[in-house]
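Student: sequence? don't have it. structure:
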């Protein structure tokens, strides 16, 4: 089988859209976690109480954290998403959504958990990326996961 050679395409983008959280948002998370911990302790469910406490602290830390710049590349060997590299055998398909001047590359990867990755894509690279990916995988009708859409609406 002949190897397909693809010109290397590189770009970088923030890992997610950061939305500034108000102090009220953080206090709300803290109070809900604290009340839930107290209820779990009252019900003598100590392990669940610890889980709620750790979850609340983690949620607060992630909500105030700023996104990092992630490098993406498409090349002959495969697709690179930050530190993760995927060969073309692991990629089942892709779709590019270009709405309101914002382009998003959806990639379906051969994984059980989180099989569809949503990757921000510069609008000027949409055609180049589509042509390159069509050489190695098929264009599928993919949708962003419902949990990702729900979390974005909540402000995460």
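Tutor: Thanks, I have it. Values in this document were obtained by computation on a predicted structure and should not be read as measured data. Numbers count the residues shown, from 1 in each chain.
Student: how about the contacts made by residue 117?
Tutor: Residues near residue 117 by Cβ atoms under 8 Å, 6 or more residues apart in numbering: 81, 106-107, 109. For every residue, glycine as well, the C-beta is placed using N, CA and C.
Student: can you pick out the most distant pair from the residues you listed?
Tutor: 81 and 106 (12.4 Å; Cβ to Cβ).
Student: who touches both of these two?
Tutor: Counting by Cβ under 8 Å, 6+ apart, the common neighbours of residue 81 and residue 106 are 117, 119.
Student: which one of those two has more residues nearby?
Tutor: Taking other Cβ atoms under 10 Å, residue 81 and residue 106 do not tie; residue 106 has more neighbours (20 against 16).
Student: what helix or strand is the more buried one on?
Tutor: strand 102-109 (DSSP states H and E).
Student: does anything pack onto that strand? Which helices or strands?
Tutor: Counting contacts by 3 or more Cβ pairs under 8 Å, 6 or more residues apart in numbering; DSSP states H and E, strand 102-109 packs against strand 91-99, strand 116-121.
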